[in-house]
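Engineer: Attaching a predicted model along with its sequence, questions to come.
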Amino acid sequence: MDSWLTIMLMCGLLIASLQGTDGFRLRRSKQDKNQMLETNIKQLQNHYNTLGAEWVRIKVFDLDRVNVLKSSSCTCQSLMLEGMLNVYEKIFTDMLKKLEKKELKASVNDIMKEVKNVRDKYSVEQKLWKDLQDLHHVKEKNSTIQGVALNEFLMVINEAYTEKEDSRSNQSTV
């Protein structure tokens, strides 16, 4: 029995010693990950001196917008359809400018009215589409944006973790 205890103790010590290497890691608990992220973000906030009140007033990302979308009917499919309708509207607008025959212009105008009528039902998706375009214009290399982003990071990453966990649990119950 002592030899089994010795073997178990040796295995435990081996695993514990390997935890410090890049070659082998046991999965960290969510609390450990959160603590590691908080510690690392605090170090960066201290380094970049972004803990002052002037940094907290500025936002890079609007998490309230994410929460509004959770309760909406907006889906990836509806967002894609809204984007397609937007493209069609631009296509028909360009066609209209190029057409000379009145009856063809009338046809395109009728089509455009329908596209606009349907697009009006996609107001949440239109707002999200604009928000996504705004994300593409964030100046990632700007030091002020980087500092503000540091202060928002923990909220954003926690929201992202929560969102994916919620979507996985909803899929498993369906």
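Structural biologist: That came through fine. Numbers count the residues shown, from 1 in each chain.
Engineer: could you give the mean pLDDT of the longest helix anywhere in the chain?
Structural biologist: Taking DSSP state H as the criterion, the chain has its longest helix at helix 143-173. The average pLDDT for helix 143-173 rounds to 77.
Engineer: what packs against it?
Structural biologist: In this structure, helix 143-173 makes packing contacts with helix 30-48, helix 53-56, helix 63-70, judged by 3 or more CB pairs under 8 Å, 6 or more residues apart in numbering; DSSP states H and E. From N, CA and C alone the C-beta is placed, and that goes for glycine too.
Engineer: lowest-confidence stretch among those?
Structural biologist: Of all those, mean pLDDT reaches its minimum on helix 63-70 (a mean of 68).
Engineer: Which element is encountered next along the chain beyond it?
Structural biologist: helix 76-98 (DSSP states H and E).
Engineer: okay, now E165: neighbour count?
Structural biologist: As a burial measure, E165 scores 11 neighbours (other CB atoms under 10 Å).
Engineer: Buried ones in stretch 142-159, by neighbour count?
Structural biologist: Using 16 or more other CB atoms under 10 Å as the test for burial, stretch 142-159 gives G147, V148, A149, L150, N151, E152, F153.
Engineer: Dump those into CSV; add distance to E38 as well.
Structural biologist: Formatted as CSV, the buried residues of stretch 142-159 follow (distance: CB to CB, whole Å):
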residue, distance to E38
G147, 17
V148, 18
A149, 16
L150, 12
N151, 12
E152, 13
F153, 10
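Engineer: Closest one to E82 out of these, please.
Structural biologist: Ranked by distance to E82 (CB to CB), those are led by E152 at 27.0 Å.
Engineer: ok, so what distance separates that closest one from E159?
Structural biologist: According to CB to CB, to the nearest Å, E152 and E159 sit 10 Å apart.
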